[in-house]
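In: how does the following fold in three dimensions:
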Amino acid sequence: MLIGVPKEIKNHEYRIGLTPSGARELIANGHKVMVQRDGGKSIGLTNEQYEKAGAEIVDSAEEIFKRAEMIIKVKEPQPVECAMLRPGQILYTYLHLAPDPEQTKALVASGCTAIAYETVTDRKGGLPLLAPMSEVAGRMSIQAGAHALEKAQGGSGVLLGGVPGVKPAEVLVIGGGVVGINAARMAMGMGAHVTILDRSLDRLKYLDELYGDRITTIYSTHDAIEERLPDTDLVIGAVLIPGAAAPKLVSREQLKLMRPGSVLMPGLINAHTHNPMSLMRGVADDLALMPWLNEHIWPIERAVMTPDFIADGIELAVAEMIRGGTTCCNENYFFPDAQARTYDRLGFRAAISIPVIDFPSAWASSQDEYFDKGLAVHDQYRSHPLLSFSMTPHAPYTVCDASFERIRRYAEQLDLPVHCHIHETAQEITDSIRQYGQRPLARA
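Out: Below is the predicted model of the structure:
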């Protein structure tokens, strides 16, 4: 079988579906493997390592999808990838179809055979391909929860492990499976007092025997959850229904029982978004980046971008994010005043952008106006418990060196992160080296 491994294109996905050692094993068993050039570069896997293992390096995802009998990926295929799938081709990746009907329709229309890692079971009914990701998720939930509890993040300021003379945090883990047990281990390791709720008495017995008096195990009921929420600092939702969307474990009414500043996890984070652009979804999204921007997106923005447009787009995006379990986003768009008002009204945690770009927009007509208006919004909301800010230059190809220097100074003075598009395309890198003698990241 000819197996193809494309580079992942989902935002902030750096993994690759097959390591060089995995490729070697497949080749040793009579298969052929081709890997997209630099597909593993972000995690330190080079083209030379794949070639040494016997894999063929190809330049484009299009060639891989055209030639391969089976595609191995990490994340669900994006729309442009779904369009390249064909009848009889095998797709092997994480799919998580339950909350994503559009992906399901695209896969069905393609005629491919799609195998979801998260639903593959072993002889005992376990989920061997999902388990490693669940281990990561459980451990990171405590790391993220501890950060969210910090006062600067809008939390209560409680330290998970406490300090001498101050009691540790109360952590409630709902679900004693792979995610739950890894969350509990991390929380215990940080010194928190941990309670696990589960509906399997065998599982509770196992956890009790494993950890003894270091952990409290309780049979999970609605009453059991309600009794513990008022005294809980951090709640971890860790229940899996294979093949289905994550269940809602704590109701909106029950949330009111929690103390101000306490944290409910997991709350996924959308680390880079243009939520107002949800109203432009599907506009010429099959084009390369620069024609898409120059010929479609920027002209549309000049025509329709208003504070009401910003608010409407954010409302739609927030509804979709909450439905999928996302409770925080990092915005990158114009009209930070409208962004802040809308996220404040919706009660949604967000990092608001202070946008900078080298041409006029409906938000600002000059570089000075971009800075002055954006910083004024920052000053207005700087103490807001749910809103933070970032300096947000659009990209090195749309922001000059002088503006980047001003951004650097303000970021240092105000202790703000910098949120910027960078290294999005090979053409951007080539143009930067030709014009400036260095890659965009080095210049920025």
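
In: list the buried residues for stretch 86-99?
Out: Q89, I90, L91, Y92, T93, Y94, L95, H96, L97 (16 or more other C-beta atoms under 10 Å). For the C-beta atoms, the positions are set from N, CA and C on the backbone; glycine is no exception.

In: can you list contacts of that stretch?
Out: Stretch 86-99 is contacted by residues 17, 65, 68-77, 85, 103-104, 107, 110-118, 133, 243-245, 323-324 when judged by C-beta atoms under 8 Å, 6 or more residues apart in numbering.

In: can you say which of those residues are buried?
Out: Under a neighbour-count criterion of 16+ other C-beta under 10 Å, the subset of the contacts of stretch 86-99 counted as buried comprises 17, 65, 68, 70-77, 85, 103, 107, 110, 112, 114, 116-118, 133.

In: for the buried residues of stretch 86-99, which one is nearest R123?
Out: Closest to R123 out of these is Y92 (19.9 Å), distances taken as C-beta to C-beta.

In: tally of neighbours for K167?
Out: Burial of K167 is recorded as 10 neighbouring residues (other C-beta atoms under 10 Å).

In: and if you look at E369?
Out: Should you count by other C-beta under 10 Å, E369 turns out to have 13 residues around it.

In: what helix or strand is it located in?
Out: Following DSSP states H and E, the helix or strand that holds E369 is helix 367-381.

In: after that helix, next one along is what?
Out: Taking DSSP H and E as the definition, the helix or strand that follows helix 367-381 towards the C-terminus is strand 387-393.

In: just how off-centre is stretch 286-300 within its chain?
Out: The gap between where stretch 286-300 is centred and where its chain is centred comes out at 25 Å by C-alpha atoms, centre = their mean, to the nearest Å.

In: also stretch 159-179?
Out: The chain centre lies 25 Å from the centre of stretch 159-179; the measure is C-alpha atoms, centre = their mean.

In: same question, stretch 92-100
Out: Relative to its chain's centre, stretch 92-100 lies at 15 Å (C-alpha atoms, centre = their mean).

In: okay, that stretch in PDB with CA atoms only?
Out: Coordinates of each C-alpha in stretch 92-100 appear next as PDB, following Å, rounded to 0.1, in the frame of the first residue of the first chain:
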ATOM      1  CA  TYR A  92      -6.600   7.500   9.300                       C
ATOM      2  CA  THR A  93      -6.700  10.400  11.800                       C
ATOM      3  CA  TYR A  94      -8.500  11.900  14.800                       C
ATOM      4  CA  LEU A  95     -11.900  13.000  13.500                       C
ATOM      5  CA  HIS A  96     -14.200  14.000  16.500                       C
ATOM      6  CA  LEU A  97     -17.200  14.100  14.300                       C
ATOM      7  CA  ALA A  98     -20.000  14.500  16.900                       C
ATOM      8  CA  PRO A  99     -19.800  18.300  17.200                       C
ATOM      9  CA  ASP A 100     -18.800  18.800  13.500                       C
END
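
In: one step back: would you turn the buried residues of stretch 86-99 into a markdown table with distance to V318, secondary structure and pLDDT?
Out: Output for the buried residues of stretch 86-99, formatted as a markdown table (distance: C-beta to C-beta, whole Å; DSSP: H, G, I helix; E, B strand; the rest coil; pLDDT from 0 to 100):
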| residue | distance to V318 | secondary structure | pLDDT |
| --- | --- | --- | --- |
| Q89 | 36 | coil | 97 |
| I90 | 37 | strand | 98 |
| L91 | 31 | strand | 98 |
| Y92 | 33 | strand | 97 |
| T93 | 28 | strand | 97 |
| Y94 | 25 | coil | 94 |
| L95 | 25 | coil | 93 |
| H96 | 20 | coil | 88 |
| L97 | 23 | coil | 89 |
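
In: of the contacts of stretch 86-99, which belong to helices?
Out: Those of these mapping onto helices are F65, Q103, T104, L107, S110, M133, R323, G324, per DSSP state H.

In: so who does the last one touch?
Out: Read it as G324. G324 touches P99, L268, counting by C-beta under 8 Å, 6+ apart.

In: how about the third one?
Out: With C-beta under 8 Å, 6+ apart as the criterion, the residues that contact T104 are L97.

In: please repeat the previous calculation with a cut-off of 10 Å.
Out: For T104, the contacting residues are L95, L97, A98, A114, taking C-beta atoms under 10 Å, 6 or more residues apart in numbering as the criterion.

In: what pairs with whichever strand or helix holds I236, and is each one parallel or antiparallel?
Out: Mapping I236 onto the secondary structure by DSSP H and E places it in strand 234-237. Here strand 234-237 has these sheet partners by DSSP bridges: strand 170-174 (parallel), strand 263-265 (parallel).

In: picking up where we left off before, out of the buried residues of stretch 86-99, which comes closest to G175?
Out: Of all these, G175 sits closest to H96, with 17.6 Å by C-beta to C-beta.

In: coming back round to it: so how far is the helix or strand following the strand holding I236 off the chain centroid?
Out: If you walk from strand 234-237 toward the C-terminus, the next helix or strand you reach (DSSP H and E) is helix 252-255. Here the centre of helix 252-255 is set off from its chain's centre by 25 Å, with C-alpha atoms, centre = their mean.

In: tell me the mean pLDDT over helix 252-255?
Out: Helix 252-255 carries an average pLDDT of 86.

In: likewise stretch 229-245?
Out: Taken as a whole, stretch 229-245 has an average pLDDT of 85.

In: do the same with stretch 433-444
Out: With pLDDT averaged residue by residue, stretch 433-444 scores 88.
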